[in-house]
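Q: give me coordinates for this.
(one chain, ligands or ions: 2)
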Amino acid sequence: MYPETHTGYSYEECRATADWLLAQTAVRPLVGIVCGSGMGGLADTLKDQVAFNYKDIPNFPQSTVHGHAGQLVFGTLKGSPCVCMQGRFHLYEGYPMQKITLPMRIFKLLGVQTVILTNAAGGLNEDFKVGDIMIIKDHLNMPGFAGNNPLIGPNDERFGVRFPCMSDAYDRELQQLAMDIGNELGYGDFLREGVYCVLGGPSFETIAECRMLHKLGADAVGMSTVHEVIVARHCGMRVFALSLITNQTVMDYDSEEKANHEEVLETGKSRAEQLERLVSTMVTRIGHNNYC
Ligand SMILES: O=P(O)(O)O[C@@H]1C[C@H](O)[C@@H](CO)O1
Ligand code: HPA
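A: Ligands and ions are numbered 1, 2, ... in the order given. From the prediction side, this is the model:
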């Protein structure tokens, strides 16, 4: 009834991958983290690491993008058990959406309750600067408008309902927690909140596209995260996501600026330390507040 490309992995196949991982590590993660482009250093901060190369994990796709190492790292962040994707998958790599988002279902079956996602994004909001960290409060799913959604295909109720709500996709308590921690850490000058818009990539946006996205209400544009968020919410995990504004998008025909992946990775490096501190402090507070 459904074309092969839309069937994704069955519950049993996801269970087998999760059980394979659980059999090889004693870590029982409550928090799952996804590292955006150039932000893989976050995984290196985990203690007592057990790391798996994606190519060795049954059913896992491979990372093909520079700045995405391709490892699943288990360990603890200040005592809290975590699993961290050091590298994610994108639509433009040629994978179907069900494959890009498979790790979210594996997280769920590993016992993860809260997912923290990071990404690199281009700033559309004129008040944003390169190096700003934007707490994502909502998203625009552009591929979704064209009928591309990771939940297309048969629905297995063991994961979630056929028609999941997305008006509460980004957990408001976690957004407030991030804002509080950011202010405590002295990040007030570069901590923002806003709406993230996903496009398919890999080409960066035209000037007309950036102007349109900004008018539609997007503060930042990127090529990931939203599909993972949809699948994570579908299976009932709490979600927090943030964008590092790695470049300002070009909105002006007189501008000489050109978006490029090297700048994205460079900005990632220059904010790595603050980003890691923000995420690791959040992980410890989530535990202390008994959110998980
Ligand atoms: O994985 P993220 O969303 O951080 O990666 C962004 C989008 C493209 O993959 C790449 C463009 O530089 O960075
Ligand atoms: O300007 C951008 N556009 C889309 N994706 C991105 N990822 C980092 N910067 C950008």
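Q: element containing the closest residue to ligand 1 within the stretch 1-150 of the chain?
A: Closest residue of the stretch 1-150 of the chain to ligand 1, C-beta to the nearest ligand atom: Gly36 (2.9 Å). For every residue, glycine as well, the C-beta is placed using N, CA and C. Taking DSSP states H and E as the definition, Gly36 sits outside all helices and strands.
Q: for the spatially closest residue to it that is not a sequence neighbour, helix, strand, or coil?
A: Using C-beta to C-beta, 6 or more residues apart in numbering and skipping residues adjacent in sequence, the residue nearest Gly36 is Asn119, 3.8 Å away. Under DSSP: H, G, I helix; E, B strand; the rest coil, the three-state class of Asn119 is strand.
Q: for Asn119, give me its contacts.
A: If you count contacts by C-beta atoms under 8 Å, 6 or more residues apart in numbering, Asn119 has them with 36-37, 196, 222, 224-225, 241-244.
Q: show the pLDDT at it.
A: Looking at Asn119, its pLDDT reads 97.
Q: report the beta-bridge partner residues of it.
A: Counting by DSSP bridges, Asn119 forms beta bridges with Ser243.
Q: can you tell me the closest non-neighbouring residue to whichever residue of the chain sits closest to ligand 2?
A: The nearest approach of the chain to ligand 2 comes at Gly122, 2.1 Å away (C-beta to the nearest ligand atom). Leaving aside its sequence neighbours, Gly122 sits nearest to Thr249 (C-beta to C-beta, 6+ apart; 4.1 Å).
Q: isn't that neighbour up against Ala218?
A: No - counting by C-beta atoms under 8 Å, Thr249 does not reach Ala218; the two are 9.8 Å apart.
Q: overlap of the contact sets of these two?
A: Common neighbours of Thr249 and Ala218 (C-beta under 8 Å, 6+ apart) are Leu124.
Q: what about Ser167, how many residues nearby?
A: 6 (other C-beta atoms under 10 Å).
Q: same check on Glu266?
A: With other C-beta under 10 Å as criterion, Glu266 counts 14.
Q: separation between it and ligand 1?
A: Taking C-beta to the nearest ligand atom, to the nearest Å as the measure, Glu266 falls 11 Å from ligand 1.
Q: please apply the same query to Glu256.
A: For Glu256, the distance to ligand 1 - C-beta to the nearest ligand atom - is 19 Å.
Q: now swap in Asp156 and tell me
A: 27 Å.
Q: identify the residues contacting the residue lying closest to that residue once chain neighbours are set aside.
A: Residue nearest to Asp156 in three dimensions, not counting chain neighbours: Tyr11, with 5.0 Å by C-beta to C-beta, 6+ apart. When contacts are counted by C-beta under 8 Å, 6+ apart, Tyr11 is found next to 156, 158-159.
Q: redo the residues you listed as JSON lines? Include pLDDT, secondary structure and neighbour count.
A: Output for the contacts of Tyr11, formatted as JSON lines (pLDDT from 0 to 100; DSSP: H, G, I helix; E, B strand; the rest coil; neighbours: other C-beta atoms under 10 Å):
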{"residue": "Asp156", "pLDDT": "97", "secondary structure": "coil", "neighbour count": "16"}
{"residue": "Arg158", "pLDDT": "98", "secondary structure": "coil", "neighbour count": "12"}
{"residue": "Phe159", "pLDDT": "98", "secondary structure": "coil", "neighbour count": "18"}
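Q: within reach of ligand 2, which of those are there?
A: When contact is defined as C-beta under 6 Å from any ligand atom, the contacts of Tyr11 do not meet ligand 2 at all.
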